[in-house]
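Asker: The sequence and its predicted three-dimensional model are supplied below.
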Amino acid sequence: MSCRLIFEARDFDTPFHASRNFMLLPIPPQMIIFTIFKGSPSGNILESTTHKDGLKSDEVLLKITHAGLCGTDLHYKTHDIVLSHEGVGIVQEVGSEVTTFKKGDRAGWGYLHNSCGHCDECFSGNEIFCPERAMYGFADKDQGGFASHAVWKAGFLFHIPDKISPSHAAPLMCAGGTVFNAMHLYGMLPTDRVGIIGVGGLGHLAIQFAAKMGCEVVVFSGTKEKEKEAKGLGATEFYTTKDLEQKVEIGAIKHLFVTASKQPDWTSYLNILAPRATIYPLTVSTDALTLPYMQLVGNGITVQGSICPSRGTHVKMLRFAALHNIKPIVEEFPLTKAGIEKAMEKLENGDVRYRAVLVAEK
């Protein structure tokens, strides 16, 4: 560390009154100031700045190039926090103890920023459930993807595989990780028949992941118009909610992933589940979860809560996506106040196909 020499003169009523004391003090780290875009009580996007007093030994400074917009950001647009948790950028500087990244590397981050590292969940590789976890919306509110730069702990950043473009990488940081996490952790097999409700931001990625895992992929949508696209992404069968109402014969589903923006008519879907099937609610809802009790109990149905992945699963998701050329369908907007506002308006209106990505001006 660089140091500077401080000269301090003191006069004492002693024979040592002419003495001079010298101290070596470290130079304060250089302050890092960068632009941020955050929510406000009115729901308007505010452009501001934040700062860090320098890099800690385990931190990395990123210049953000791409940031994904998620439905969760709509929930936080009235909060005083920097929006977006799907950030991708280029490493600018690394802390003195960082060995996993170097200047010029591409890196991204997701929902989880930090954990305690010593609880049962952390020791088990499940740090997403750490009681002291630091997550988007609850911690580090002065930072996010909608910014010029970010400073994060190296241990919670991910290398972006060369085969994945930064525009495609951004939505994988949350949407891709969320669907892959549920499929990877809870016993889904290549021989299983998998149902996916919704062909949207999460659903179009869930179709691709499940298809590449070798499953029969049965897609349910509110509109027939998405059938061709769903099958192009890997779906083997396609049904509308009207088909369910008319009790069209559908083979039993072993794993059902709920990716639509609203909770479905649970009775209709429980009728097509295989015994001991599992339901995965993956979207955000503030409504109570109410299921037909006897259908659930009598058929041994499991409702499995799932969230974004812990780090080990996140890395596997990126490798799998790179290997199988899984790509989000994205719309790009400039990473500016106006660009963010336009993207959020389209998302609120349900007009984004299927993930909005904000791109920094070069």
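Answerer: Structure's in. What do you need?
Asker: Show me what the lengthiest helix in the chain is in contact with.
Answerer: When the chain is parsed with DSSP state H, its longest helix is helix 311-324. Helix 311-324 is contacted by residues 110, 112, 125, 127, 155-156, 158-164, 169, 172, 176-177, 180-181, 184-185, 208-209, 212, 308-309, 326-327 when judged by Cβ atoms under 8 Å, 6 or more residues apart in numbering. In short, each C-beta sits where N, CA and C put it, glycine included.
Asker: Looking at those, which are in helices?
Answerer: 169, 177, 180-181, 184-185, 208-209, 212.
Asker: low-confidence ranges in this protein?
Answerer: 1-29 (pLDDT under 70).
Asker: which stretches of the stretch 201-350 of the chain form strands?
Answerer: Assigned by DSSP state E, counting those that start in this stretch, the strands in the stretch 201-350 of the chain fall at 216-221, 237-240, 253-258, 273-281, 302-303, 330-334.
Asker: Would you format those strands as CSV with mean neighbour count and distance to Pro264 included?
Answerer: Formatted as CSV, the strands of the stretch 201-350 of the chain follow (neighbours: other Cβ atoms under 10 Å; distance: least, Cβ to Cβ, whole Å):
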stretch, mean neighbour count, distance to Pro264
strand 216-221, 25, 8
strand 237-240, 18, 12
strand 253-258, 24, 6
strand 273-281, 19, 10
strand 302-303, 14, 13
strand 330-334, 17, 26
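Asker: Reformat these as TSV; add distance to Glu348.
Answerer: Putting the strands of the stretch 201-350 of the chain into TSV (distance: least, Cβ to Cβ, whole Å) gives the following:
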stretch	distance to Glu348
strand 216-221	20
strand 237-240	24
strand 253-258	21
strand 273-281	22
strand 302-303	28
strand 330-334	14
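Asker: Among the ones you listed, which comes closest to Phe37?
Answerer: Nearest to Phe37 among these is strand 330-334; the distance by Cβ to Cβ comes to 11.4 Å.
Asker: so what secondary structure elements neighbour the closest one?
Answerer: Contacts defined by 3 or more Cβ pairs under 8 Å, 6 or more residues apart in numbering; DSSP states H and E place strand 330-334 against helix 166-171, helix 337-348, strand 355-359.
Asker: I'd like the distance from the residue nearest to Val199 when sequence neighbours are not counted to Phe257, if you could.
Answerer: In space, and not counting its chain neighbours, Val199 is closest to Lys226: 4.4 Å by Cβ to Cβ, 6 or more residues apart in numbering. Distance of Lys226 to Phe257, computed by Cβ to Cβ, to the nearest Å: 16 Å.
Asker: Spit out the contact partners of the closest residue to Thr290 other than its chain neighbours.
Answerer: Nearest non-adjacent residue to Thr290, counting by Cβ to Cβ, 6+ apart: Trp266, 7.3 Å away. By Cβ under 8 Å, 6+ apart, the contact set of Trp266 is 290-292.
Asker: Name all residues that make contact with Ala274.
Answerer: 193, 252-254.
Asker: ditto for His85
Answerer: By Cβ under 8 Å, 6+ apart, the contact set of His85 is 70, 72-73, 109-111, 136, 144-145, 173-174.
Asker: possible to save the residues you listed as JSON lines with distance to Glu237 and neighbour count?
Answerer: Listed next are these as JSON lines, based on distance: Cβ to Cβ, whole Å; neighbours: other Cβ atoms under 10 Å:
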{"residue": "Cys70", "distance to Glu237": "28", "neighbour count": "29"}
{"residue": "Thr72", "distance to Glu237": "30", "neighbour count": "17"}
{"residue": "Asp73", "distance to Glu237": "33", "neighbour count": "27"}
{"residue": "Trp109", "distance to Glu237": "36", "neighbour count": "26"}
{"residue": "Gly110", "distance to Glu237": "31", "neighbour count": "30"}
{"residue": "Tyr111", "distance to Glu237": "32", "neighbour count": "23"}
{"residue": "Tyr136", "distance to Glu237": "35", "neighbour count": "27"}
{"residue": "Gly144", "distance to Glu237": "39", "neighbour count": "27"}
{"residue": "Gly145", "distance to Glu237": "36", "neighbour count": "31"}
{"residue": "Met173", "distance to Glu237": "30", "neighbour count": "29"}
{"residue": "Cys174", "distance to Glu237": "28", "neighbour count": "28"}
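Asker: Which of those sits closest to Lys346?
Answerer: Nearest to Lys346 among these, with distances taken as Cβ to Cβ, is Asp73, at 12.5 Å.
Asker: Enumerate residues external to the helix or strand hosting the closest one that contact any of its residues.
Answerer: Element membership of Asp73, judged by DSSP states H and E, is helix 71-76. Helix 71-76 has contacts (Cβ under 8 Å, 6+ apart) with 39, 83-85, 136-137, 174, 201, 261, 283-284, 344, 347-348.
Asker: With stretch 217-227 instead?
Answerer: Taking Cβ under 8 Å, 6+ apart as the rule, stretch 217-227 contacts 193-199, 203, 207, 210-211, 230, 234-241, 244, 250-251, 253, 260, 264, 269.
Asker: Same list, the contacts of His85, but as JSON lines with distance to Gly54 please.
Answerer: Compiled in JSON lines, the contacts of His85 are given as follows (distance: Cβ to Cβ, whole Å):
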{"residue": "Cys70", "distance to Gly54": "30"}
{"residue": "Thr72", "distance to Gly54": "30"}
{"residue": "Asp73", "distance to Gly54": "29"}
{"residue": "Trp109", "distance to Gly54": "20"}
{"residue": "Gly110", "distance to Gly54": "25"}
{"residue": "Tyr111", "distance to Gly54": "26"}
{"residue": "Tyr136", "distance to Gly54": "23"}
{"residue": "Gly144", "distance to Gly54": "20"}
{"residue": "Gly145", "distance to Gly54": "22"}
{"residue": "Met173", "distance to Gly54": "26"}
{"residue": "Cys174", "distance to Gly54": "29"}
